[in-house]
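**Q** give the three-dimensional model of this entry:
(one chain, ligands or ions: 1)
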Amino acid sequence: MRRGSIASLIGIGVLAGGIAAAVALALPWLPTPASREAGRIDFIFWFTVTICIVIFALVAAVILYSVTHFRAAPDDDSDGPPIHGHTGLEIVWTLIPTLLVTSIGIASAIVLSKDDALGKNVLHVNVTAQQFAWTFSYPDAKNLTSATLMLPKGRSVLLTFTSKDVIHSFWVPEFGQKQDTVPGIHPTLHITPDRLGTFDVICTELCGLGHSTMRSTAVVMTPAAFDTWLNGQTKAIGSPNAGQAGAAVFKNNGCGACHTFAAAGASAKVGPDLDKLKAYAQQAKQPLDAFVRDSIVKPNAYIQPGYPRNVMPQTFGQALSKQQLDALVQYLTQPSK
Ligand code: CUA
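**A** From the prediction side, this is the model:
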């Protein structure tokens, strides 16, 4: 091979690799990680992408060089030389991919085992998914429930999932992992948040009419701020303020994911507009309080015209205590009175 050919091969390879690298680096393919696990997963991603760019540059260089230098003349009908294998070349093109794929496999196995290894002082959070809301509860803190996933920075968190109805999927892009929630089993997911901030919790499994509204928020706080929040919340469980109790039930059960209700700042449109309960009750020819209570406990008994049947969960009758239900009915009917 002439020195000029090697130079032009290298030139084409560097150009092709440079273009591929620019596309990989210039576009924001992945969010900035907010957990140690996501950081390790990102490493695997870039490790693999780097290998791919090098191979792409190599292949592009050989193809482009061959197309320009070995093009047959239009009137050249002769056959190419009869070549039967090349043992050295075959060993090289088997060995190199084997080494590359094996190295990706080993690096991935290390990352997976590190990501699964729980740290000390694990924070347990039970995540409940239902059409169309997320609820987070803290079994170590009197089962405190929250519609927002509050997490301390730097601590190992083990999420345990329960689905009340269909398959949902938990995803916080910045945490780098997804987990399906499947009725009947309780999968877990380990995360160690390492960046303060507010992140979207997204359902990424088509789960029904309100799928796109099934969102919540994850807040990563300093450990001190988290403890303050947790202590304040657990105290509030012991002495529920009558006015706030209904608002808390509304928030913690994700009512705002499907309904509009001005008092709660909710504006979703999947289910009936709760600012119009008085008019709905008159349409249904029922007293307001009884109408609202029945609509929560037996949602299919009466369907407000224009809204779908079987979308409102039928589990609130069992899930809510009498006090919670009373507080919720009072909270919902207050603005109409
Ligand atoms: Cu739950 Cu989509």
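**Q** chain center to the helix or strand hosting S5: distance?
**A** Using DSSP states H and E, S5 falls within helix 3-26. Distance of helix 3-26 from the chain centroid (Cα atoms, centre = their mean, to the nearest Å) equals 37 Å.
**Q** ok, and what's touching it?
**A** 49, 52-54, 56-58, 60-62, 64-65, 69 (Cβ atoms under 8 Å, 6 or more residues apart in numbering). For the C-beta atoms, the positions are set from N, CA and C on the backbone; glycine is no exception.
**Q** after it, next one along is what?
**A** Downstream of helix 3-26, the first helix or strand assigned by DSSP H and E is helix 36-69.
**Q** just the buried residues of that next one, please?
**A** Across helix 36-69, burial judged by 16 or more other Cβ atoms under 10 Å covers 36-42, 48, 53, 56-57, 60-61, 64-65.
**Q** which helices and strands sit right next to that helix?
**A** Under the contact criterion of 3 or more Cβ pairs under 8 Å, 6 or more residues apart in numbering; DSSP states H and E, helix 36-69 touches helix 3-26, helix 87-116, strand 177-181.
**Q** could you give me the average pLDDT of the longest one?
**A** Along helix 87-116, the predicted confidence averages to a pLDDT of 95.
**Q** now the first one
**A** Here helix 3-26 scores 90 as its mean pLDDT.
**Q** repeat that for the last one.
**A** Per-residue pLDDT values over strand 177-181 give a mean of 95.
**Q** put the alpha carbons of stretch 50-65 into CSV.
**A** Taking Å, rounded to 0.1, in the frame of the first residue of the first chain, the C-alpha atoms of stretch 50-65 are listed here in CSV:
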residue,chain,number,x,y,z
THR,A,50,-17.0,5.8,21.6
ILE,A,51,-16.4,2.2,20.3
CYS,A,52,-19.2,2.7,17.8
ILE,A,53,-17.7,6.0,16.5
VAL,A,54,-14.3,4.4,16.0
ILE,A,55,-15.7,1.5,14.1
PHE,A,56,-17.9,3.8,12.1
ALA,A,57,-14.9,5.9,11.1
LEU,A,58,-12.9,2.8,10.1
VAL,A,59,-15.7,1.4,8.0
ALA,A,60,-16.6,4.8,6.4
ALA,A,61,-12.9,5.4,5.5
VAL,A,62,-12.5,2.0,3.8
ILE,A,63,-15.8,2.3,1.9
LEU,A,64,-15.3,5.9,0.7
TYR,A,65,-11.7,5.1,-0.3
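**Q** sweet, I'm off.
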